[in-house]
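S.K.: only geometry, no sequence info:
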């Protein structure tokens, strides 16, 4: 099983559909779970919070809903995909492309603070830890400055909560620039 965090920043790119096709192919050999970023939906939450000054707790809940919105979009673009509702859905997954649609129950998980320190990056790592997967792959539309987690956090590539979760239970993690499809699945930048 492989978990793929598909960054919301791919929303505006033609590479989004290319990645979905590539992941659909890969899912014929093993279960592949896409963790959607929040994309423009999460950007609107950030904008609304600046404008209306509501709490980080409310913004965190809205950002999870933004991930679900982007996930619904991805599921529709990848017609062979299957919605995945963890932690409510605990059945073993068969080969195929699954799209995680996080629900309200994610808010009840104590180790996940309700703030912008925990974004879809940390949620993808957390899901990888819960499902005991061999590898997390992150696909992002950003300039990769280092393989060091701290440097990636300092440059805004990863969220601040990622390091703490990673140190508690490391999961091999590869990072791919969104235009590096030819390097997938095993030639990404391995994080440390």
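M.R.: Everything's here; your move. Note that this is a predicted model, so its numbers are computed, not measured.
S.K.: residues near the closest residue to residue 93 other than its chain neighbours, how many?
M.R.: Leaving aside its chain neighbours, residue 93 sits nearest to residue 31 (4.0 Å; criterion: CB to CB, 6 or more residues apart in numbering). In short, each C-beta sits where N, CA and C put it, glycine included. The number of residues packed near residue 31 is 19, by other CB atoms under 10 Å.
S.K.: now residue 161
M.R.: Neighbour count of residue 161, defined by other CB under 10 Å: 22.
S.K.: that one contacts residue 116, correct?
M.R.: No - judged on CB atoms under 8 Å, residue 161 makes no contact with residue 116 at a distance of 9.1 Å.
S.K.: ok, now how distant is the residue nearest to residue 93 from residue 190?
M.R.: Distance, residue 31 to residue 190, by CB to CB, to the nearest Å: 22 Å.
S.K.: which residues touch residue 115?
M.R.: Residue 115 sits next to 56, 57, 60 when contact means CB atoms under 8 Å, 6 or more residues apart in numbering.
S.K.: where does the second one fall, helix, sheet strand or coil?
M.R.: At residue 57 the chain is in helix, as set by DSSP: H, G, I helix; E, B strand; the rest coil.
S.K.: any idea how far it lies from residue 33?
M.R.: Residue 57 is 26 Å from residue 33, by CB to CB.
S.K.: repeat for residue 12
M.R.: From residue 12 to residue 33 the distance is 23 Å (CB to CB).
S.K.: which one's more surrounded, those two?
M.R.: Legend: neighbour count by other CB under 10 Å for residue 12 and residue 33, higher for residue 33 (26 against 11).
S.K.: wasn't that one part of a helix?
M.R.: No - with three-state DSSP as the criterion, residue 33 is assigned strand and is not in a helix.
S.K.: mind listing the strands for the chain?
M.R.: For the chain, applying DSSP state E gives strands covering 2-6, 31-36, 82-84, 96-100, 136-140, 173-177, 189-190.
S.K.: thanks a lot, see you next time.
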